[in-house]
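> 3D model of this:
(one chain, ligands or ions: 1)
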Amino acid sequence: MEFFLTPSILFIALIIAFLAYFLVFAFKRQFGGAKNLPPGSMGWPIMGETIEFLFGKPENFVFKRMKKYSPDIFKTKILGEKTAVICGPNGHKFLFSNEQKLFTVFRPHSMQKLFRSYQAKAPAPSENEAKILRSPAFLKPEALVRYLGKMDSITQQQMQSYWEGKDTVKVSPLAKTLTLSLACRFFLGTDDPERIARLVSNFDDITVGMHSFTLNFPGTIFYRAKKAAAAIRKELTSVVKEKRDAISTSGAPMQDILSHMIVATDPSGTHMPEAEISDKMMGLLTAGYSTVATAITFFMKYVGKRPDIYKKILDEQMDVASAKKDGELLQWEDIQKMKYSWNVVYEVMRLTPPLQGTFREAITDFTYAGYTIPKGWKIYWTVSTTNKNPEYFPNPEIFDPSRYNDEKAIPPYTFVPFGGGPRTCPGKEYARLAILTFIHNVMKRFKWELEFPNEKIFGDMMPTPEKGLPVRLRAL
Ligand code: HEM
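Sure, this is the predicted structure:
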């Protein structure tokens, strides 16, 4: 009997051990094992909490969870990834100061599929290329000084063509045309209006599709974005070809980012392939065009409702204008005088952020606020954990640019519309110039009223007024 039972018991014990091992392994894979993970919910199978993340108000998504789980951090599953959302000013500080030590940049799968250069397997940008994108030669203030006059004259031309003499205009599409024209001029070195018109609608589809489910069949957001990316890539590849020919035949002047990318070589002397250049330019144009257009559109919306604020901006802009000779273009010193106008833009971006936040990926296990974030998890930060928090911005729903009169009154890391640390938005100064140049030109010409003061806004990733923000113009 003993002889008969022993192998059976052994066999059963083996099965139990195997099952226990399998369960522990599966549990570890799903939940990170015994680690002290942040509190939160992974939501529905596969979808996680993506629907709420994409289609609920961003501040509602984070505030609800910060209240329920922890004001510092919570876990969730969004866009197919186990994600820790790091919250509040301490979270921002921690994130901006540990770049490449604890985490590295991560783009959601939708973005990776739209931009080849964002793919996880894509080679890291070469030093040369990183220098070009963040180069003092292009996006730093000392270089932007040289662009300012041209920025002003393009803005004036657009005002003459699309705004002057009209009773009503739709701000949102005009802001997009303006910002894409500026970006095409300074990044690509092209002014061709037909080309710009072809690009506008495609860029909108990409911006919306960057944070979407990667369901690729007719009718989906992602399908539209894929088609748009292909159309833009085709257009940009022909721009690259034309520019390359111009450089080699006539030594065209290098006054745009594209020219620098074309002539730059890696350490082995190889030039970047055309397809790669057009993909990178597509990334830069996407980052730089709709964000600035959003800030301009919502400036018109908020200021259109507040004659008291309009009057203060007008006084400041008229001071600038009256100190200039007839026809003289804006200069760097003029921009420095636009302090109140920029505070208004800050308040616009606090209430309607042009960019919500971005992702990182943990490159090692690390601890934050007493919780462990396992290697490979994604980390998300968003301006929404602080922007509308009454602790930092009393009466957060009230549009009040005087909050920024004393910069010290804003607690550190609570207002970070351009991010912070090594990955701070490289286009920050460019954006400031483009927005203030627009404000100067619109204020000098018009007073305006919103046609629909309560117009519905859709889309949090690229907030857009439902009817395009029609305004009635009155020439000054
Ligand atoms: C109001 C306008 C803008 C806002 C609010 C804005 C905001 C931001 C934010 C929050 C980030 C993410 C930083 C991070 O990941 O921590 C970012 C990244 C970036 N922005 Fe902007 N941006 C604006 C305009 C621009 C413009 C005009 C350009 C181009 C000239 C630009 C180019 C970029 C690029 C290339 C990145 C990625 C940087 C990297 O990953 O290292 N942005 N921006």
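> And His83, how close does it get to Glu466?
That one is not His; residue 83 is Thr. Distance, Thr83 to Glu466, using C-beta to C-beta, to the nearest Å: 30 Å. Every residue, glycine included, has its C-beta placed from N, CA and C.
> higher neighbour count, those two?
Ranked by neighbour count (other C-beta atoms under 10 Å), Thr83 and Glu466 place Thr83 first, with 27 against 12.
> How many residues are close by the residue of the stretch 351-476 of the chain found nearest the ligand?
Nearest residue of the stretch 351-476 of the chain to the ligand: Gly427, at 2.1 Å (C-beta to the nearest ligand atom). Counted with other C-beta under 10 Å, the neighbours of Gly427 add up to 22.
> ok, Met42 - contacts?
Taking C-beta atoms under 8 Å, 6 or more residues apart in numbering, we find Met42 in contact with Gly48, Glu49, Lys75, Thr76, Lys77, Lys82.
> By neighbours, which of those wins?
For the contacts of Met42, neighbours were counted using other C-beta under 10 Å, and Thr76 has the most, 25 neighbours in all.
> quick one on the thing from earlier: arrange the contacts of Met42 in JSON lines, one row each, with secondary structure as further columns.
Listed next are the contacts of Met42 as JSON lines, based on DSSP: H, G, I helix; E, B strand; the rest coil:
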{"residue": "Gly48", "secondary structure": "strand"}
{"residue": "Glu49", "secondary structure": "coil"}
{"residue": "Lys75", "secondary structure": "strand"}
{"residue": "Thr76", "secondary structure": "strand"}
{"residue": "Lys77", "secondary structure": "strand"}
{"residue": "Lys82", "secondary structure": "strand"}
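> who in the chain is up against the ligand?
Proximity of the chain to the ligand, by C-beta under 6 Å from any ligand atom, involves residues 105, 139, 284, 287-288, 291-292, 295, 349, 354-355, 358, 417-419, 423, 425-427, 430-431.
> can you tell me which of those residues are in strands?
Among those, the residues falling in strands (DSSP state E) are Val105, Thr358.
> Would you mind listing which of the residues of the chain next to the ligand are buried?
For the residues of the chain next to the ligand, a burial check counting by 16 or more other C-beta atoms under 10 Å picks out 139, 284, 287-288, 291-292, 295, 349, 354-355, 358, 417-419, 423, 425-427, 430-431.
> Could you pull out the strands in the chain for me?
Along the chain, counting by DSSP E, strands occupy 73-78, 81-86, 103-106, 168-170, 357-362, 366-368, 371-373, 378-382, 446-450, 457-458, 464-465, 470-475.
> May I see those strands arranged in a markdown table, with mean pLDDT as well?
Shown next, in a markdown table, are those (pLDDT from 0 to 100):
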| stretch | mean pLDDT |
| --- | --- |
| strand 73-78 | 97 |
| strand 81-86 | 97 |
| strand 103-106 | 91 |
| strand 168-170 | 98 |
| strand 357-362 | 95 |
| strand 366-368 | 97 |
| strand 371-373 | 97 |
| strand 378-382 | 97 |
| strand 446-450 | 98 |
| strand 457-458 | 90 |
| strand 464-465 | 94 |
| strand 470-475 | 98 |
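> Can you lay out those strands as a markdown table showing distance to Pro58?
Output for the strands of the chain, formatted as a markdown table (distance: least, C-beta to C-beta, whole Å):
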| stretch | distance to Pro58 |
| --- | --- |
| strand 73-78 | 12 |
| strand 81-86 | 11 |
| strand 103-106 | 18 |
| strand 168-170 | 25 |
| strand 357-362 | 8 |
| strand 366-368 | 21 |
| strand 371-373 | 21 |
| strand 378-382 | 6 |
| strand 446-450 | 24 |
| strand 457-458 | 12 |
| strand 464-465 | 15 |
| strand 470-475 | 26 |
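> Run through the stretch 101-250 of the chain and note the low-pLDDT ranges.
When residues are selected by pLDDT under 70, those of the stretch 101-250 of the chain lie in 117-138.
> redo that, cut-off 90
For the stretch 101-250 of the chain, applying pLDDT under 90 flags the ranges 105, 107-147, 186-216, 233-250.
> For stretch 160-167, give me every contacting residue.
Here stretch 160-167 has contacts from Val169, Leu174, Thr177, Val442, Arg445, Phe446, Arg472, Leu473, Ala475, using C-beta under 8 Å, 6+ apart.
> And stretch 174-187, by the same measure?
The contact list for stretch 174-187 (C-beta under 8 Å, 6+ apart) reads 138, 147, 150-151, 154-155, 158, 162-163, 190-193, 195-197, 199-200, 203-204, 256-258, 281, 284-285, 288-290, 292-294, 296-297, 300, 430, 434, 438.
> That's all I had, so thanks and see you.
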